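# just the structure for this:
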Amino acid sequence: MAFFGLFSKEKKETLDKGLEKTKQSFLSRIARSIVGKSKVDEEVLDNLEEILITSDVGVETTLKIIERIQERVSRDKVLGTDELNTILKEEIAALLEENNSNGKIDFQLPKIEGQPFVIMVVGVNGVGKTTTIGKLAHQFKEAGMKVVLGASDTFRAAAVDQLIIWAERVGVPIVQQGMGADPASVAFDTLQSAKAQGADVVIIDTAGRLHNKVNLMNELTKIKRVMDKVIPGAPHEVLLVLDGSTGQNAYEQAKQFSLATDINALAITKLDGTAKGGVVIGISDQMKIPVKYIGVGEGMNDLQLFDRNEFVDSLFS
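So this is what the prediction gives:
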């Protein structure tokens, strides 16, 4: 039940550990940039701008942050370098709040009267899509929910096989028709099965191809149209999974997928293995789509609900 409960001490420790590489790189570089400086001046801001950009926060988001700090310097006349971390922390937190990134600790799926809540998961191959589905299924099940998986990524045999392994590992039913099957047909059968079983949550995997945007758009549109016939309004959530370790490439993927389908939630994985955790800030700001989950470890419970306050606290702790 920890996934849906309060932000526990254990989860906080996991988050701190998962962001360690980003934090060490980020804070140590800021510290070096202000050596010998007593106040925030143009040179300090230039150095900070470079640090943010090379931390994969992104150019546009970085310029927003620098502009805000410049306004504070202008307003307050003198800002000491000892205040820089606090100011930066406040501005990043404010930016995440403005961009509707989740700041709530508790989380519940909306109640769909007599119907399961349907999540369609999209993302390119290799970003941790199947693992994210498995971890979500585990945590929903731990929270007492009945979960059904659908293997609509039928273009790779490995994708179906991997999802079957996760379904067995977690102990939840899966609907699959093997490689080469019509993805929309699998989604249709999954939702029919989920309704018959009285499921609470359905998670549909989809193909991770991005080489042809038109084909991808047509396929995802078809899957969504078929699901809507079985459960009006489905899918209720379209979750894009991104690999945080790829930095700005993750942002480019987000842009491409947002053109192909209506995404309303993001999961950013593999943050524990990279110093590029700043990408969470940039993607949230540029895409205006809430970051819902972050992956900060390999354990079943290391996919966490994104809490902007805890994230920023951990980044600057």
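# contacts for whatever helix or strand residue 169 lives in?
Using DSSP states H and E, residue 169 sits in helix 157-170. Identification of contacts with helix 157-170 by C-beta atoms under 8 Å, 6 or more residues apart in numbering yields 125, 130-131, 133-134, 137-138, 141, 147, 149, 151, 153-154, 173-174, 176, 178-179, 205, 207-208. Every residue, glycine included, has its C-beta placed from N, CA and C.
# filter those down to the ones in strands?
With DSSP state E as the criterion, strands contain 147, 149, 151, 174, 205 from among the contacts of helix 157-170.
# distance of the closest residue in space to the fourth one that isn't next to it in sequence from residue 173?
Read it as residue 174. Nearest residue to residue 174 in three dimensions, chain neighbours excluded: residue 167, at 3.8 Å (C-beta to C-beta, 6 or more residues apart in numbering). Residue 167 is 7 Å from residue 173, where distance means C-beta to C-beta, to the nearest Å.
# quick one, which of those two is more surrounded?
Between residue 167 and residue 173, counted using other C-beta atoms under 10 Å, the more crowded position is residue 167 (21 against 15).
# check the more buried one and give its pLDDT.
Per-residue pLDDT puts residue 167 at 97.
# need the pLDDT of residue 297.
87.
# I meant to write residue 243 there.
We note a pLDDT of 93 for residue 243 in this prediction.
# what do you get for residue 231?
With respect to pLDDT, residue 231 scores 95.
# what's the answer for residue 294, then?
Residue 294 carries a pLDDT score of 94 in this model.
# circling back to that earlier point, what do residue 167 and residue 173 both touch?
residue 149.
# show me what the helix or strand harbouring residue 267 pairs with in its sheet, parallel or antiparallel.
Element membership for residue 267, per DSSP H and E: strand 265-269. Take DSSP bridges as the rule and strand 265-269 pairs in its sheet with strand 237-243 (parallel), strand 291-295 (parallel).
# could you point out which element follows it?
Using DSSP H and E, the next helix or strand after strand 265-269 towards the C-terminus is helix 279-287.
# what's the angle between that following helix and strand 237-243?
Angle of helix 279-287 versus strand 237-243, following axes from the mean of the first three to the mean of the last three C-alpha atoms, to 10 degrees, is 130 degrees.
# and helix 279-287, how far from the chain's centre?
The chain centroid and the centroid of helix 279-287 are separated by 10 Å under C-alpha atoms, centre = their mean, to the nearest Å.
# name the surrounding residues that touch it.
Outside helix 279-287, the residues that touch it by C-beta under 8 Å, 6+ apart are 56-58, 60-62, 64, 92, 95-96, 99, 101, 242, 244, 247-248, 250-251, 254-255, 258, 266, 268, 271, 289-291, 294, 306, 311.
# check stretch 218-227 too.
118, 120, 122, 152, 183-185, 187-188, 191, 204, 206-207, 234-235, 260-261.
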